[in-house]
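S.K.: Could you look at this predicted model? Sequence included:
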Amino acid sequence: MTDAPRLTDRTALLRNRARALRDPALFLHETALEELQDRLGMVNRSFTNPAIVTGFPDFWTKAFPDATVVPDEEVLCLSEGAHDLVIHAMSLQWANDPVGQIIQCRRALKPDGFFLAALFGGQTLSQLRTALAEAEVERTGGLSPRILPMAEIRDLGGLLQRAGLSLPVADNLALNVSYQTPFHLMRDLRAMGESNALAGRARHATRPSILTRAAEIYQAHHSDDSGRILATFELVFLTGWSPDSSQPQPLRPGSATNRLAEVLGTQETKL
């Protein structure tokens, strides 16, 4: 039996994050935090033993000073059944096994505990992805992995069910940010710790001619009236509960006591 191919080079990811912390640009973490706090505010419950899984512990510790904060390693340092809330904060997109990560979070929850995750979705950096691909094909005739492949919201919602969480919900928030040039966007990605850490990436510097051509393509197709380029970041939010007998349960097939036609106030027709 062979191991599944790795998506992420974790050594490179940690190096990118450490470099980002010198002068961080964490405005997307700030947006994710606001959205997560809104969702927590809609839950009629007080959480007494939260845990946070993240690659940016300083930021999230300030937001949740009473939480247990652990790194997003492949094996999470969480005790089974110890927490009533687990938040996976802005790092699940880099997981080699995202389902396994969510399963570990579910196991760390008490019965009827709450799971929340914020991560980047498939629309993220779509403009940059296209521009780089076109430029590289044009200049070299081939492609190399440059931007993390991120899942669509419908697929991410399915992860919750596969991980055994109850009452799963997935929703998203698309943010359109403008930059002076594509190079200013790339500089921000470095300051976010989100530059290339793919295991299959090329291990040499990108040719300047590719970057220059990508910037030209980007500027030509994705700029506003003032000449600033537009970049999309999609934040996906996942919520679910660890199973408990107190939760609403689906009815057994055939257990309905009223006909659908009666509920809708229509005439039933036999075919």
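M.R.: Nice, thanks for sending it over.

S.K.: ok, for Ala25, nearest residue in space, not its chain neighbours?
M.R.: Of all residues not flanking Ala25 in the chain, Ala191 sits nearest, at 3.7 Å (CB to CB, 6 or more residues apart in numbering). In this view, the C-beta of every residue, glycine as well, is placed from N, C-alpha and C.

S.K.: Settle this for me: that neighbour is touching Leu21, isn't it.
M.R.: No. Judged on CB atoms under 8 Å, Ala191 makes no contact with Leu21 at a distance of 9.3 Å.

S.K.: between these two, who's got more neighbours?
M.R.: Ala191 (18 against 13; other CB atoms under 10 Å).

S.K.: For the more buried one, pull up the helix or strand it's in.
M.R.: Under DSSP states H and E, the secondary-structure element containing Ala191 is helix 182-192.

S.K.: my read is Glu30 is in a helix, agree?
M.R.: Yes. The assignment for Glu30 by DSSP: H, G, I helix; E, B strand; the rest coil puts it in a helix.

S.K.: Can you get me a residue count around Gln123?
M.R.: Neighbourhood size, Gln123 [other CB under 10 Å]: 18.

S.K.: and it, what is it in contact with?
M.R.: Listed by CB atoms under 8 Å, 6 or more residues apart in numbering, the contact set of Gln123 reads 174, 232, 234.

S.K.: The last one falls within a strand, correct?
M.R.: Yes. Assigned with three-state DSSP, Glu234 falls within a strand.

S.K.: Surely it touches Leu119?
M.R.: No. Glu234 lies out of contact with Leu119 (CB under 8 Å); the separation is 9.5 Å.

S.K.: Show me which of those two is the more surrounded one.
M.R.: Counted by other CB under 10 Å, Glu234 and Leu119 do not tie: Leu119 has more neighbours, with 23 against 19.

S.K.: re earlier: which neighbours do Glu234 and Leu119 have in common?
M.R.: Common neighbours of Glu234 and Leu119, using CB under 8 Å, 6+ apart, are Met150.

S.K.: And Gly141, its phi and psi?
M.R.: The phi and psi torsions at Gly141 (degrees, to the nearest 10) take the values phi 80, psi 10.

S.K.: show me where the stretch 101-250 of the chain has helices.
M.R.: 126-140, 153-162, 182-192, 208-221 (DSSP state H, counting those that start in this stretch).

S.K.: and Val53, bridged to which residues?
M.R.: Val53 has these beta-bridge partners by DSSP bridges: Val70, His88.

S.K.: Enumerate the beta-bridge partners assigned to the closest residue to Gln247 other than its chain neighbours.
M.R.: Spatial nearest neighbour of Gln247, excluding adjacent residues (CB to CB, 6+ apart): Ser166 at 5.4 Å. Legend: beta-bridge partners of Ser166 under DSSP bridges are Trp241.

S.K.: ok, Ser166 - contacts?
M.R.: Ser166 neighbours (CB under 8 Å, 6+ apart): 240-244, 247.

S.K.: And the pLDDT at it?
M.R.: Ser166 carries a pLDDT value of 95.

S.K.: where's it relative to Glu34, distance?
M.R.: For Ser166, the distance to Glu34 (CB to CB, to the nearest Å) stands at 26 Å.
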